[in-house]
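> Can you look at this prediction? I've put the sequence above it.
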Amino acid sequence: MCAKDLDGKESRCPRCGIPLVSKAEMLECPECGALAPQDSKSCPRCGIGFEEGELEPPTRPKPPVPLPVKGPEPEGIAVVSSIEPPPKTEGLVNGRGAKGGSGFVNGTGLVNGTGMTNGTRFDAIGPSGAKRQGSFITRWQFLAVLVVVIMIVSAFVYLSYVTDDGSISVDGNFGDWSDTQKFTSYTTSTSTTVNVEEWAVRHVGFDLYLYVKVEGAVMWTSEVSSLYLFIDSDDSQSTGYSIAGIGADYLVELVGWDGEVGASALYRYGVTDSEADRLDWNKWSYLSGANAAINDDRLEAVVELPIELGPDAKYLLVSQDASTHLSASYPVPESGGILVITQEPGPAISAAGTVSASSSLAFMSLTLACDGTGGTVDSITPTVAGGVPGAPMLGVSIALGSKKTVTIAVDTSSSSAGVVVSAFIRPSDVVSNFDEVIVLGTPVSAYVSAAPSTIQIDGAFGDWYGLTSLDGDTIPLANPNTDIERVGAVNESTQSFFYVSVLGEICSGTYVPVIAAKPASGGGGGGTVVLPRKGGEDILRIYIDTDPSMSTGYMISASAKTIGADFRVEVKGMFGQIVSEVVSSYSAGSWVAVSGADMDADNDLNEMEVRVSAASISGASAIDFVVETTDWNARKDVATAFPSGSRAVQTMVNMISPESWIIDGGTNAQATAMSYQRKLFYDGTNIWSFYWDGSNTVYKYSMDGGQTWSSGVRAFSTAAVNEVSIWYDSANSAVYAIGDSGSATRNVYVQKGTVSPSTHAITWQPSDSSIIVSSQSIGGKNSFISLDASGYVWLLSSNLTSVAPDTYGLTAWISSAAGSTSSFLVSGSMISGGVNNQPNIKGSLVPTGSGSDVWAVYMYSGSVYSRKYTGSWSAQTAIFTNTEDIQNQDLAPAVAVVDGAGVIHVVYGNGHQQPAGTCKPYIYYVYNTGSAWSVPYRLDSAGNQDGNFYPTISLDTSTGSIYAFWVYWDSPGAGYTIIGRKNVSGTWTTLTLPAQTTNVKQYLTSIYSAPAENFVCWQWTQNTTAPIELHFEKLPEFGSVVLPAFFIMIVCIASIGLHRKRR
C-alpha cells in the first residue's frame, strides 16, 4: 500500500501496518480497486465501509502475453516485466516499479490494473454496487449516460498515456523517443546484434529510461547478448566503479536471447570511499529488476533508482555478447554536445622518437570529433613539459558525423639536447561551446635532437630505438591488446630495463569482465558467499631468472627458451592507465610480494617500459627473462629476447655491425625481379619491402630500420601477380603498385593502398584494376608505375603490337583522374614503329617535379634512350648507343631518379663482353639539367674479366646526395659483392659497406628516395638454389665505420690496461 521495500519475512508492513498476505487472500474495493485483507471493515485507501458478504476475493487477471521476436517482422514486440536472475534476497521483487509494481506492466495504473484496461473501475458494477433508483430508463437518459461514460473513459485513457512529466511508455513503440537527444558508440563491433548505432537516456523523477538501437536486431540470436548502462550519479571519479573516466555508482543490466530480454537487474556499487580498489566487478550488489521491451532493432527499458538523478549525472553504455563482441559509448550526460579529441604524435617526431630544436614544431596531431550535437572549438592550448606551447589552435567548427584534424605546435628551441618534451591536452585546455570534452590517447613525448645514452622511464621511447626485436610468434591473438609485437631488455649493474609493445592498445582492459549466461533454474541456499576479486585489467608480467637455473623458480617458456623465474614484475593497466605495480619472489610454490621493491613503469598507446632495481631482485644483473601479457579472460601471449648491455655500449656495437638482415629466408629466385623497378619505401615510421614469394606479390614492414620484419601480406587481390613496381606518395600516405601475371595476357594489374604508419597497415582497394596495355597477349610486360607532381598516375609497359613477325613497343599511360587507378588513357608510344624480337624492353617514368611533366628512360637493343613529356612528348634522344652484347638490358637495365632541382640522374650498364658472347657490363652515370645529357661517367673499376650487374640509384632528399649501387662479380674468385658510391655536389666517392658473403646476388633494387642517409636502403635475391633468401641492407647512422671502430679500439686498449693494472 505504502510501497515500502520489504525483506519478505514480515507479516505486517512496518510503515502502514497493512497485514502482508498473498493476493489470493485479499479483497478488492468496489470503489477504488484497492486490495484489502478479507477481515477489513473499510477500504484502507478510500475509507468506504464494507457490508457483510459484500466482497469476494477477486480473480487474478491474466497478464498480457509477451510477443517474442522470432522472425524479421518489424511489428513483433517482446515486452518484459522485470525478469530478474534468481533473487539474492526475498522481498525485492514486486516492489515499486518492478514486477507487478504500482506503475508499469501488471501494476495498478496501466494494463490489467485497477484504473484502466481489464480493471474494475470502469467494469460493470456488480450487485454490491449502488442500488437502482428505478427499473425504467428512457432512451435519452441512456444516450446521455453513454456519452458521459465515453468522454470520461477517453479522457482517462488519454491522460494515462500522454503524460506531462516526460515519462516513456515501455511498450515497444518508440515514437515517444523522437525528441530525445541520441548518442552513438565509440567502439564498434563486427556483430550486428551488438553494434550500437544510437542510444539515449531520460530520467523522470526516480525513473530512468533507456533507448538502444543496434545495427541488426536486438538480442536476436540464441547466443546471450547483454546491455550494460553504467550510471555515475554524482559525476565523481573518486566514487563508484572506475570505468572510462567516470565512477559508476549504479549499473543496469539487461540480458537476452532469441529476441527477448530474459533477465534484468539494477545494481549499486558497494565500495566505500575508504576502499582503494574500485575495479572489483564483484562489488556490485543487486537492488531490483527492470522493465524492457524489444521491437526488431530497438529496445527500451525503465528502472526505478533509489535516488533522483541530477543534471550532472554521466552515463556509459556497453553492448556485449558471449563471444566478447563489444560496442561501447563515450561517457556522456543526458543531453548536450560532446567534443572528442584524439591526440597522436605529429609529423615532426621522427621514427627514432626525436625532434629537432625549433621554434615551431608540428608536435601533436589532434583529431576532433563530436557526439550528441555539433559545435565550435574556439581554441586549444596544450599542456607542455620540457618545451613551450606554440600558438594555440583557433576556430574550428565540427558537425555531427564529421572529423577535423589539426596540428599543435611546440617550441623546443630552448630545450637542451636529450631532454624529453611532452605535450597533452586537458579538458581545461579547450575553449569551446561543447558541454563536455573527452580526450583520448596518451601524452605525446619525444627527445630533443637525440635520445639519451641510457634508458629513461619517462613515456618517451626513442631511447629504445634499435634495441628491440619482433615477437617470433606470428600467430595472431583474438585480443590485439595482449598480442605482443616487440620486446627488449637492457641490463646494467644496478638495474634492469624492459620494453614491450602490443599490436593493439597496452593497458586497455575491458568494460565488463564477465560473460553473461542464461539464468539457471532452481533455487539457491546456504550462507553468504564472499566472491573473490574480479577485475578487468590487462596484465603485463615479466618473469626474471636470476640464477640462471631451470631447476629453481617458476618454470615458463617462450619460443625455444625455458627459464626458472625467481622474480616476477607485474604491471596492471586499465583504459590506458597503469593502476598497479608489484615485484614478487617465487617461494615454496607461490608468489610473495617483495616489500619496498624499487620499480617504475610508463606507457604510451601501445608501448610500455619498466625498470626494476637489482637490489629488488636479489642484486642480480646477469638475468634472463620471459614476458607474458594476459587479459581478464586469460588470453595470453609470451615472448622473449636476449638482454643487451647498456645503450652506450649497444650503440657502438650497432655502429660496426653489418646493417644487413634477411627479410625472407626461403623465397623464390625471382623475388626482387626486375631490378629497375622500385620495391622499397619508407613512410616515416616503417620501411616497406615488396617481393615475389613464388606464389604472389607480398609485402612486409620493419619498424626498427630493417633489423626485424613482419609477416608477409598479399598485395594484389588477383593471384600470381609478379614483377611488381611500386611508387610511394608521401604527401597523401598512398602507395601505388603495378604487376603482371606469368601467363600471356593483354593486361596488367594496378592497385592503390592507403598507408597507416602508426598501425603498420596498408588498406588496399577492394579489387585490382585490370588495364589492357598490349595489342596482343604477352607475358612479362616489364611494367613501371609512378606519380607526377599533379597527382596523376603514370604507367609504362611493353606492348606486343603485332605477330609474325613479333613487333614490340613501349607505351606510356596516364590516369583519367588524379590519384585514380580505375582507368587510363594512352599518352604516347616511346618507340616509333616498334622493334622486332625485343620482348625484354624495359623503362622507367619519373616525375620532373613540375605539373604532369615526366621523364621516360628506357632500353631496347641494348641502347639507352629518353623522352620528356611537357604536355606532349619530345623526340627520342639516345643516351647510350650499344654496339656490343644486348644482354645488358636484362643484366644492367637503366634506372633513373630526379632530384629536388629537377635534375635527372641515370645509371646503366653497357654491353661490354668478355669473352665474346658473355656480357659483363661496366656501370655508367649520366645526368640532364634540362638541356642535354652529360658525358657518361664510369662508376665501376672492374677488370676486363669481371662483371657488374643490376645497377640502382637513390636520392637523399635532405641533402640532395645521390647514391649508386650495383652487384660486382669477381670472375676468377666467383664472388658477388655489392658496391656503393655517393655523389655530393658532382663528386663521386666510394662507400665502405659492411662485410659481405660471396653468395650469388641478383636483382638488386633500392629505394627511390629517402629523408636521410641512414634510410637509403636496398634489397636483393641471394642464391639460386635453396636456401634462396631475400636480403635487406641500409646505410648505417654514419657513412663510415672508421669512427666506431676507433672507439672499440680505445675500449679494448683501456680494457687491456685495466687488466694489467689489476694483475
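Structure's in. What do you need? Residues are numbered from 1 along each chain as shown.
> got a list of what the residue most central in space within the chain touches?
Centroid check for the chain by CA atoms, centre = their mean gives residue 504 as the closest residue, at 5.8 Å. Applying CB atoms under 8 Å, 6 or more residues apart in numbering to residue 504 gives the contacts 479, 480, 481, 482, 483, 606. All C-beta spots, glycine's among them, are computed from the backbone N, C-alpha and C.
> show me what contacts the fifth one?
The one in question is residue 483. If you count contacts by CB under 8 Å, 6+ apart, residue 483 has them with 476, 477, 502, 503, 504, 629, 637.
> how far away is the closest residue to the first one other than its chain neighbours from residue 754?
Read that as residue 476. In space, not counting the residues next to it along the chain, residue 476 is nearest to residue 483; the distance is 6.1 Å by CB to CB, 6 or more residues apart in numbering. From residue 483 over to residue 754 the distance is 23 Å, taken as CB to CB, to the nearest Å.
> Kindly report the same for residue 189.
Applying CB to CB to residue 189 and residue 754 gives a distance of 23 Å.
> of those two, who's got more company?
Neighbour totals were compared for residue 189 and residue 754, and residue 189 leads with 21 against 13 (other CB atoms under 10 Å).
> quick one on the thing from earlier: next, find the distance separating the residue nearest to residue 476 from residue 951.
Taken as CB to CB, the span from residue 483 to residue 951 is 42 Å.
> again, but for residue 1008
14 Å.
> quick one, which of those two is more surrounded?
The neighbour count for residue 1008 versus residue 951, taken as other CB under 10 Å, is higher for residue 951 (29 against 25).
> with the contacts of residue 504 in mind, which one is nearest to residue 539?
Using CB to CB, residue 482 is the member of the contacts of residue 504 that lies nearest residue 539, at 8.5 Å.
> for the closest residue to the closest one other than its chain neighbours, which residues make a bridge with it?
Leaving aside its sequence neighbours, residue 482 sits nearest to residue 629 (CB to CB, 6+ apart; 4.1 Å). Here residue 629 sits in beta bridges with residue 540, residue 637, as judged by DSSP bridges.
> Residue 629 touches residue 636, doesn't it?
Yes. Assessed by CB atoms under 8 Å, residue 629 is found in contact with residue 636 at 6.8 Å.
> Tell me where the model's unsure across the stretch 851-1000 of the chain.
Residue ranges of the stretch 851-1000 of the chain with pLDDT under 70: 971-974.
> should've said the chain
The model of the chain has pLDDT under 70 over residues 1-149, 151-166, 272-275, 474, 520-529, 559-560, 621, 642-660, 971-974, 1037-1063.
> Walk me through the domains of it.
Domain ranges of the chain: 1-60, 71-124+152-335, 338-438, 462-519+534-649, 657-740+749-1045, per automatic domain parsing.
> Could you provide these in a markdown table, with additional columns for distance to residue 446?
Listed next are the domains of the chain as a markdown table, based on distance: least, CB to CB, whole Å:
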| stretch | distance to residue 446 |
| --- | --- |
| domain 1-60 | 58 |
| domain 71-124+152-335 | 26 |
| domain 338-438 | 5 |
| domain 462-519+534-649 | 6 |
| domain 657-740+749-1045 | 13 |
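> nearest to residue 450, of the ones you listed?
Closest among the domains of the chain, using CB to CB: domain 338-438, at 6.0 Å.
> if we can go back for a sec, how is the residue nearest to the centre of the chain assigned, secondary-structure-wise?
coil (DSSP: H, G, I helix; E, B strand; the rest coil).
> From residue 476, how far off is it?
11 Å.
> again, but for residue 315
34 Å.
> Pull the residues that contact stretch 620-628.
Applying CB under 8 Å, 6+ apart, the contact partners of stretch 620-628 are 484, 487, 489, 491-494, 496, 498, 500, 540-546, 548, 556-558, 561, 563, 565, 614, 617, 636-640, 643.
> Report the buried residues of that stretch.
620, 623, 624, 625, 626, 627, 628 (16 or more other CB atoms under 10 Å).
> same question, stretch 349-363
Buried residues in stretch 349-363 (16+ other CB under 10 Å): 349, 350, 351, 352, 353, 354, 355, 357, 358, 361, 362, 363.
> repeat for stretch 469-483
469, 470, 471, 477, 479, 481, 482, 483.
> could you dump these to a markdown table with secondary structure?
Below are the buried residues of stretch 469-483 laid out as a markdown table (three-state DSSP):
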| residue | secondary structure |
| --- | --- |
| 469 | strand |
| 470 | strand |
| 471 | coil |
| 477 | coil |
| 479 | coil |
| 481 | helix |
| 482 | helix |
| 483 | coil |
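> Output those in CSV, with distance to residue 811 appended to each entry.
As requested, the buried residues of stretch 469-483 are exported to CSV (distance: CB to CB, whole Å):
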residue, distance to residue 811
469, 46
470, 42
471, 46
477, 48
479, 50
481, 50
482, 52
483, 46
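> Greatest separation within the residues you listed: which pair is it?
Farthest pair in those, by CB to CB: 469 and 479, 22.0 Å.
> which one of the buried residues of stretch 620-628 sits closest to residue 261?
Of the buried residues of stretch 620-628, the one sitting nearest to residue 261 (CB to CB) turns out to be residue 628, at 39.0 Å.
> Just the CA trace of stretch 503-513, in PDB.
Output of stretch 503-513 as PDB, limited to C-alpha atoms (Å, rounded to 0.1, in the frame of the first residue of the first chain):
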ATOM      1  CA  LEU A 503      49.600  -4.700 -31.700                       C
ATOM      2  CA  GLY A 504      46.600  -3.000 -30.100                       C
ATOM      3  CA  GLU A 505      46.500  -0.700 -27.000                       C
ATOM      4  CA  ILE A 506      48.500  -1.600 -24.000                       C
ATOM      5  CA  CYS A 507      46.900  -1.300 -20.500                       C
ATOM      6  CA  SER A 508      43.500  -1.300 -22.300                       C
ATOM      7  CA  GLY A 509      41.500  -3.700 -20.000                       C
ATOM      8  CA  THR A 510      37.800  -4.300 -20.600                       C
ATOM      9  CA  TYR A 511      34.500  -2.600 -19.600                       C
ATOM     10  CA  VAL A 512      32.700  -5.800 -18.400                       C
ATOM     11  CA  PRO A 513      35.000  -8.600 -17.200                       C
END
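> Where do the strands of the stretch 601-750 of the chain begin and end?
With DSSP state E, counting those that start in this stretch as the criterion, the stretch 601-750 of the chain has strands at 607-613, 624-630, 636-639, 660-664, 680-682, 687-692, 697-702, 713-714, 721-729, 734-741, 747-756.
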